[in-house]
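Visitor: Okay, sequence plus prediction incoming.
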Amino acid sequence: MTTRLKIHDEALWKRLAAECKYNNKALSQMLGISQRQLQRYIRCAFDRSAQDWLNEQRLLLAGEMVQRNSSVKSVALELGFKQVSHFCREFKVYYGESATQYFRRKSFGTDARNSI
């Protein structure tokens with residue numbers, strides 16, 4: 001990256017994270033810094049590890065995408081998950097319900113616990 005990185009610019013970090021498919025190695029390479037320096041920057045800006053922050057950003061976006069798209073597989077692949085099953089596990093841990101249940105509840109206002 002040729003311009004000076006603004007460490008506390010959250011919108012910039014989110015854009016860069018998405019461009020790198022939420023991969024800390026790819027992000028550090030894009031910025032031209034070591035992975036350790038990336039860890040320092042993200043710890044300073046967001047008070048968590050780089051991978052924790054990247055995972056959180058990816059799952060926040062996953063929630064938005066699942067609301068618009070009922071295809072869990074396409075959302076998982078677009079967000080850089082290598083396996084749909086891994087995406088499904090991570091989604092359920094983060095949101096407390098499966099992506100399909102989340103989609104139904106957000107799209108149709110149904111209570112996922114009453115669905116079969």
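Guide: Nice, thanks for sending it over.
Visitor: Output the below-cut-off pLDDT ranges for the chain.
Guide: Low-confidence segments of the chain (pLDDT under 70): 1-5, 70, 110-116.
Visitor: go again using 90 as the cut-off
Guide: Along the chain, the model assigns pLDDT under 90 to residues 1-10, 21, 67-71, 80, 103-116.
Visitor: The helix ranked longest in the chain packs against which elements?
Guide: When the chain is parsed with DSSP state H, its longest helix is helix 50-68. If you count contacts as 3 or more C-beta pairs under 8 Å, 6 or more residues apart in numbering; DSSP states H and E, helix 50-68 packs onto helix 10-19, helix 24-31, helix 35-46, helix 72-78, helix 84-95, helix 99-108. Yep, even glycine has a C-beta here, placed from its N, CA and C like the rest.
Visitor: Mind exporting the C-alpha coordinates of it to PDB?
Guide: Provided in PDB are the C-alpha atoms of helix 50-68 (Å, rounded to 0.1, in the frame of the first residue of the first chain):
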ATOM      1  CA  ALA A  50      -6.100  -9.800  13.900                       C
ATOM      2  CA  GLN A  51      -7.800 -13.200  13.200                       C
ATOM      3  CA  ASP A  52     -10.500 -12.600  15.800                       C
ATOM      4  CA  TRP A  53     -11.300  -9.200  14.300                       C
ATOM      5  CA  LEU A  54     -11.300 -10.600  10.700                       C
ATOM      6  CA  ASN A  55     -13.500 -13.500  11.700                       C
ATOM      7  CA  GLU A  56     -16.000 -11.200  13.300                       C
ATOM      8  CA  GLN A  57     -16.100  -8.900  10.300                       C
ATOM      9  CA  ARG A  58     -16.700 -11.800   8.000                       C
ATOM     10  CA  LEU A  59     -19.500 -13.200  10.200                       C
ATOM     11  CA  LEU A  60     -21.100  -9.700  10.400                       C
ATOM     12  CA  LEU A  61     -21.200  -9.500   6.700                       C
ATOM     13  CA  ALA A  62     -22.400 -13.100   6.500                       C
ATOM     14  CA  GLY A  63     -25.500 -12.100   8.500                       C
ATOM     15  CA  GLU A  64     -26.300  -9.300   6.000                       C
ATOM     16  CA  MET A  65     -25.700 -11.500   3.000                       C
ATOM     17  CA  VAL A  66     -27.800 -14.400   4.400                       C
ATOM     18  CA  GLN A  67     -30.700 -11.900   4.800                       C
ATOM     19  CA  ARG A  68     -30.500 -11.100   1.100                       C
END
